[in-house]
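Novice: Okay, predicted coordinates and the sequence, questions at the end:
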Amino acid sequence: MSIRKRTTKIVATLGPASSSPEVLTRLVEAGIDVVRLNFSHGTAADHKGRVETLRGLIEQSGRTVGIMADLQGPKIRIGKFAGSKVLLKNGQSFVLDAECELGTTDCVGLDYPELVNDVVNGDVLLLDDGRIVMDVDHVDGTQIHCIVRQGGELSNNKGINRQGGGLSAPALTPKDMEDIRTAASLGIDYVAVSFPKSGDDMRLARALLQAAGSHALLVAKIERVEAVDNLEHILDATDGVMVARGDLAVEVGDAAVPALQKKIIRMAREHNKFVITATQMMESMIHSPVPTRAEVSDVANAVLDGTDAVMLSAETAAGEYPVETVAAMARICLEAEKTADTALDTHFLNRVFTRIDQSIAMAALFAAHHLKVKAIAALTESGSTALWMSRLNAGVPIYALTQEVATRYKVSIFKGVFPVMMPQSGHERDDVLRAAEDAMIASGAVEPGDLIVLTIGEPIGKPGGTNTLKIIKVGEHRPAH
């Protein structure tokens, strides 16, 4: 009997705790599907070294692990304090001043001088992920005079958000543009754009990527109020989205995030985009070998919401238990998937498909669901057919059979999709079908006698979309050699 495969993918951030070959090997064995390189930290040389180490380990393991570059984006931060931190009291005055060099209990500098043009009397500023709250009293030249509403310890370089959004900083900084070129040179599979406000931000990122010779998939991180308001346009311009719950919670309020998470995941799937749920999913495991019950519920709920992937940040980058965290997350995903709804609902049945390849993909899902087949095999060059199939849960694993190495890695983030490399097998239909069966058997996905649904584009070898669906009993009617 075959072991049940986990369909929800795990993204793990690399950092000091997870960059050694030993820990990386254990993370791959524990089940990571994608690694995230946080371009807010480290140099291009650092990222290059990690990519080379990781690719070597992936080759040895035989697993497929994609690589994501996460751009820093505009960081709207305070400057430094003379003593590295201060204690602010409720009701005191405090000044944010772009010309202040070293901060005191009365004022601090700004890394983002344009903030003075973005705020007015009465605005609420949230510092350090909302731990410190200030009301803007008035703006005077380079100075923003505030009254501390909620005090506490404030240390160097903490971030600033304006409640309700509305900061004018562009999504792509000069550093991000350089980092896009670095990501392209490293052959990165996905590039995540921080703080996009519109579809135009994502189109600019794609133009820069393509100019650098990369066809990486783009991920829009939804973490601004404007991004929520423009979600439809962003989805039209991106390949996937990330529910980036940290900054999003600061801008919209933490209580609004769970419902927004469900909305973003639902809309992404309806638009045939993949979606990652991120931020503090297993936060306690930075210092604990076991998750809290709340974290278990959080990960399970994201799975039940239909997310493609769940993401770990500091837990694997800097935590004490990176491997245990991945193993715990994998267990939670598997358990949650057992109760996921596999019905193809009336919404699906009532949808109109105008593309032949998309119609074939949906027909394959329907046939697989009702025939109770062992697997769906999608022969694909770009991965699009496998992505469309994975937007609805038919309860059947989808295998993306491809001869394109780049596609093998790109599909590794799609929920319920498992990449299988196809050997070159010419353009003869029977040869290709035999090679597909052999690849499926070799991967352990099926055995002779199993029923599978297979999709393919014909004539074989000619560019174009999937247009053929076959239902095959593995090993039957194979032509003689």
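Specialist: Now that the structure is in, tell me what you want to look at.

Novice: drop to CA atoms for contacts and neighbour counts, all remaining ones
Specialist: Will do.

Novice: quick one, what contacts residue 471?
Specialist: 451, 452, 453, 454 (CA atoms under 8 Å, 6 or more residues apart in numbering).

Novice: hmm, who's touching the helix or strand encompassing the second one?
Specialist: Just to be clear, that refers to residue 452. If you go by DSSP states H and E, residue 452 is part of strand 451-456. Contact partners of strand 451-456, identified using CA under 8 Å, 6+ apart, comprise 360-361, 364, 367-368, 373-380, 466-474.

Novice: Buried ones from the residues you listed, can you make that a PyMOL selection?
Specialist: Selection of buried members from those for PyMOL, criterion 16 or more other CA atoms under 10 Å:
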select buried, resi 360+361+364+367+368+373+374+375+376+377+378+379+380+466+467+468+469+471+472+473+474
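
Novice: Quick one: residues contacting the residue nearest in space to the middle of the chain.
Specialist: Taking CA atoms, centre = their mean as the criterion, residue 276 is the residue nearest the geometric centre of the chain, at 3.8 Å. Residue 276 makes contact with 240, 241, 242, 243, 307, 308, 309, 310, 311 under the criterion CA under 8 Å, 6+ apart.

Novice: Residue 470 too?
Specialist: Residue 470 touches 453, 454, 455, counting by CA under 8 Å, 6+ apart.

Novice: Residues in a beta bridge with it, which ones?
Specialist: With DSSP bridges as the criterion, residue 470 is bridged to residue 454.

Novice: looking at the protein, which helix or strand is least sure?
Specialist: In the chain, no helix or strand scores lower on mean pLDDT, DSSP states H and E than helix 346-349, which sits at a mean of 58.

Novice: out of the contacts of residue 276, who's nearest residue 88?
Specialist: Closest approach to residue 88 among these (CA to CA): residue 243, at 31.6 Å.

Novice: So the closest one sits against residue 274, correct?
Specialist: No: using CA atoms under 8 Å, residue 243 makes no contact with residue 274, being 11.0 Å away.

Novice: Out of the two, name the residue with the larger neighbour count.
Specialist: Using other CA atoms under 10 Å as the criterion, residue 243 and residue 274 rank with residue 274 on top: 28 against 25.

Novice: Any chance of a markdown table for the contacts of residue 471, columns distance to residue 405?
Specialist: Below are the contacts of residue 471 laid out as a markdown table (distance: CA to CA, whole Å):
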| residue | distance to residue 405 |
| --- | --- |
| 451 | 27 |
| 452 | 24 |
| 453 | 23 |
| 454 | 20 |
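
Novice: Which two among those are spaced furthest apart?
Specialist: Within the contacts of residue 471, two members stand farthest from each other by CA to CA: 451 and 454, at 9.8 Å.

Novice: Looking at stretch 240-247 now, give me its mean pLDDT.
Specialist: In this model, stretch 240-247 has an average pLDDT of 95.

Novice: Tell me where the stretch 201-350 of the chain is predicted with low confidence.
Specialist: Judged by pLDDT under 70, the stretch 201-350 of the chain has its weakly predicted residues at 342-350.

Novice: all strands of it, in order?
Specialist: For the stretch 201-350 of the chain, the strands defined by DSSP state E, counting those that start in this stretch occupy 217-222, 240-244, 274-278, 309-312.

Novice: Can you check which of those strands gets nearest to residue 63?
Specialist: Closest approach to residue 63 among these (CA to CA): strand 309-312, 17.0 Å.

Novice: hmm, who's touching the closest one?
Specialist: Counting by CA under 8 Å, 6+ apart, 8-13, 275-282, 299, 302-303, 413-415 sit against strand 309-312.

Novice: do the same with stretch 409-423
Specialist: Under CA under 8 Å, 6+ apart, the answer for stretch 409-423 is 6-9, 33-34, 64-66, 189-190, 216-217, 274, 307-309, 383, 386-387, 390-391, 397-405, 408, 435-436, 439-440, 443.

Novice: Show me which of these are buried.
Specialist: By 16+ other CA under 10 Å, these give 6-9, 33-34, 64-66, 189-190, 216-217, 274, 307-309, 383, 386-387, 390-391, 397-403, 408, 435-436, 439-440 as buried.

Novice: Format the contacts of residue 470 as JSON lines; extra columns: neighbour count and distance to residue 292.
Specialist: Shown next, in JSON lines, are these (neighbours: other CA atoms under 10 Å; distance: CA to CA, whole Å):
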{"residue": "453", "neighbour count": "22", "distance to residue 292": "41"}
{"residue": "454", "neighbour count": "24", "distance to residue 292": "42"}
{"residue": "455", "neighbour count": "26", "distance to residue 292": "43"}
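
Novice: tell me which of the residues you listed is nearest to residue 87?
Specialist: Using CA to CA, the contacts of residue 470 come closest to residue 87 at residue 455, 63.2 Å.

Novice: The closest one and residue 261, how far apart?
Specialist: As judged by CA to CA, to the nearest Å, residue 455 and residue 261 stand 33 Å apart.

Novice: neighbouring contacts of stretch 143-151?
Specialist: The contact list for stretch 143-151, computed with CA under 8 Å, 6+ apart, reads 87-98, 116, 131-139.

Novice: again, only this time at 6 Å
Specialist: Stretch 143-151 has contacts (CA atoms under 6 Å, 6 or more residues apart in numbering) with 88-97, 132-139.

Novice: Report the buried members of those residues.
Specialist: 88-89, 93-97, 132-139.

Novice: biggest separation within the residues you listed, which pair?
Specialist: In the buried ones among the contacts of stretch 143-151, two members sit farther apart than any others by CA to CA. They are 89 and 139, at 20.9 Å.
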